[in-house]
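> Give me a model of this one.
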Amino acid sequence: MMREFLGGVDEEALAALRAVQDRWSGLAYVSPTFRMPVQFEPIFDIDEPDIPIQFPYAVLPSPPDGVFGGELRPDGTLLFGMFETDEPAFPSLEAFIEAEALLDWARSRPSAGPPLNDAQLAELLVARPGLRQIEQACGYHMTWWVDDEILVQHRIPAGYLPLDGPQAWRWLV
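The predicted structure follows:
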């Protein structure tokens with residue numbers, strides 16, 4: 001299908017898709033980020049030959065709603081979007097899953113205080129130099145830090161992640 005539609009085959013893109021399909025296709029759970037069931041079913045589907053290759057249905061609501069979804073680029077970047085607007089969200093599907101696992105666990109923990117705005121978060125990071133970033137769970141709009149006492153999540157508003165008010169949350173470890 002790729003050769004017929006694009007006039008050639010991108011072996012690296014197909015290998016990346018197969019690797020993700022082999023590892024994650026069929027995974028389904030209630031997403032703590034989006035507060036709805038999601039499933040992972042990345043496929044090869046191209047509508048127009050001039051657009052960059054992306055693999056739709058990497059993450060989609062279950063049942064699909066026709067509005068929200070996640071796509072993968074061949075380099076592993078996970079994009080989330082609403083309707084036709086997709087933006088890079090995580091460097092990989094694995095980073096998204098790590099962030100989901102952390103958020104699910106964090107919500108079972110006691111709060112370490114009220115939510116923080118960006119200025120308060122900056123003060124906290126200065127006051128607690130032992131907070132280290134959990135890079136394997138960070139995305140382009142979500143960052144995590146931890147030390148021996150607290151876990152912190154910071155979100156930056158994005159089209160797929162609208163936020164009002166404070167954007168950092170803390171839990172006791």
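> In three-state terms, label the most centrally placed residue in the chain for me.
For the chain, the residue nearest the mean C-alpha position is F96 (3.7 Å; C-alpha atoms, centre = their mean). When classified by DSSP: H, G, I helix; E, B strand; the rest coil, F96 comes out as helix.
> worst-scoring helix or strand of this protein, pLDDT-wise?
helix 2-6 (a mean of 55; mean pLDDT, DSSP states H and E).
> Past that helix, which element shows up next along the chain?
helix 11-24 (DSSP states H and E).
> contacting residues around that next one?
Around helix 11-24, the neighbours that count as contacts under C-beta atoms under 8 Å, 6 or more residues apart in numbering are 2, 40, 42-44, 53, 55, 58, 72, 74-76, 93, 97. Every C-beta, even on glycine, is put in place using the N, C-alpha and C of the backbone.
> Give the buried residues for the very next helix or strand once past that helix.
Following helix 11-24 in sequence order, the next helix or strand is strand 28-31 (DSSP H and E). By 16 or more other C-beta atoms under 10 Å, the buried positions in strand 28-31 come out as S31.
> again with stretch 14-27
16-17, 20-21, 24.
> What count of nearby residues applies to L116?
Using other C-beta atoms under 10 Å, L116 is surrounded by 18 other residues.
> what do you get for T143?
Residues lying near T143 (other C-beta under 10 Å) number 19.
> do Q153 as well
When neighbours are counted by other C-beta under 10 Å, Q153 comes out with 22.
> SS state for it?
Under three-state DSSP, Q153 comes out as strand.
> I figured it was touching M142, is that so?
Yes. Here Q153 reaches M142: they are 6.8 Å apart, a contact under C-beta atoms under 8 Å.
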